[in-house]
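# no sequence on this one, just coordinates:
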DNA sequence: TCCATAATCGATACAGATTATCAGTTAGTA
DNA sequence: TACTAACTGATAATCTGTATCGATTATGGA
């Protein structure tokens, strides 16, 4: 009983490795992350295989594609109801399970068949806020989110 | 008093055209859309100029970059508080101004300095729902959102 | 007005992410 | 085991967005 079960997809070694890496993963990895992880046991695996498998799993609703990072797609094996927070300082994406309540008026549900509601919060985590206030005391972060490039590129796993 | 006012940016003909196209625009255009529109009056304008101008306006908080469409960035001159709905049938992005209430628990605001909260709703608009139910009656849309490629690619302006 | 300077432009090369192609391989079933 | 559709890896192609660079243009001061 894993990500591949009942998908109609063949259980190839490559796919088993990808599924194994994804299952329980809370890091919202990119395709590149997946490739790097799977290369350990499958040095010849191609990026095409990774993208194909991620796409196939997503088509079947086994993983979710996140758009919170505008530069690349991230994938989340947790398809249950939860939301995400991106720290614009370090680029880390965190799950938000509780404390985020969204209510849609009936008028919207009437006009649209709502398939999914995503909440994406952009903010600064504790340590990034601390680093920020080192430069300017009582730091009021500039709220644009573009000039601020992620500092800790990929350093969090 | 337009998008370029008080930005410190020079009011060049190209920028005025881009700003003119964006102001009041509710279509959430992509950079390509902007380029196509501005090419009418400025046939030699380069895509670099469009990207540079969009980036400069965004840095200054005059427009917002939307990530709701994973394939490309969209831009929104409306920087007021509102959210977005993507019809996964036709690909159209619609503003949601009312009827969408988001509440964050204090614990989150305590842990993170929240800069922006985005709500992105994926759904099916009326006409796409109708088209959908043509194929299968009492259509329960499959909720994946990937296999469903936008049909009306760019046809809505 | 004229000039110096910096901002901006268009053209184009470049980078990075993702997709398409295709010949060879393999999982799953009869 | 043999068959075949599904799959793989290699690689080319595509697509979005960025960087570079020489030419052009706006702007403030002499």
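That came through fine. Owing to the predicted nature of the structure, the values given are computational and were not obtained by experimental measurement.
# going by C-alpha atoms from here, please, whenever you check contacts or count neighbours.
Fine.
# hang on, residue A:19 packs against residue A:9?
No - contact criterion C-alpha atoms under 8 Å: residue A:19 and residue A:9 do not qualify, at 11.7 Å.
# out of these two, which sits in the more crowded spot?
residue A:19 (24 against 13; other C-alpha atoms under 10 Å in any protein chain shown).
# give me the nearest residue to that one, chain neighbours excluded.
residue A:3 (5.8 Å; C-alpha to C-alpha, 6 or more residues apart in numbering or on different chains).
# and that neighbour, how many neighbours?
19.
# doesn't it lie inside a helix?
No - Residue A:3 is assigned coil when assessed by DSSP: H, G, I helix; E, B strand; the rest coil, not a helix.
# wait, it touches residue A:24, no?
No - using C-alpha under 8 Å, residue A:3 is not in contact with residue A:24, being 10.3 Å away.
# low pLDDT regions in chain A?
A:134-157 (pLDDT under 70).
# so which bits of it are right by DNA strand D?
A:8-10, A:12-15, A:42, A:44-49, A:52-53 (C-alpha under 7 Å from any atom of the strand).
# what comes up buried for stretch A:68-78?
Neighbour counts over stretch A:68-78 (16 or more other C-alpha atoms under 10 Å in any protein chain shown) mark A:68-70, A:73-78 as buried.
# now do it: everything it contacts.
Here stretch A:68-78 makes contact (C-alpha atoms under 8 Å, 6 or more residues apart in numbering or on different chains) with A:22-31, A:54, A:62-67, A:84, A:86, A:120, B:67, B:70, B:73.
# over to stretch A:33-50?
Taking C-alpha under 8 Å, 6+ apart as the rule, stretch A:33-50 contacts A:14, A:17-18, A:21-22, A:31-32.
# what residues of that stretch count as buried?
So for stretch A:33-50, counting by 16+ other C-alpha under 10 Å, buried means A:33-35, A:37-39, A:50.
# about what we covered before: which of the contacts of stretch A:68-78 fall in helices?
Assigned to helices by DSSP state H, the following of the contacts of stretch A:68-78 qualify: A:22, A:31, A:54.
# close enough to count as contact, the second one and residue A:51?
Yes - A contact is recorded between residue A:31 and residue A:51 when judged using C-alpha under 8 Å, the distance being 6.6 Å.
# higher neighbour count, the two?
residue A:31 (19 against 15).
# how far away is that one from DNA strand C?
5 Å (C-alpha to the nearest atom of the strand, to the nearest Å).
# residue closest to the middle of chain A?
By C-alpha atoms, centre = their mean, chain A has its centre lying nearest to residue A:28, at 3.3 Å.
# pretty sure it is touching residue A:93, no?
Yes - the pair residue A:28 and residue A:93 qualifies as a contact (C-alpha under 8 Å) at a distance of 6.8 Å.
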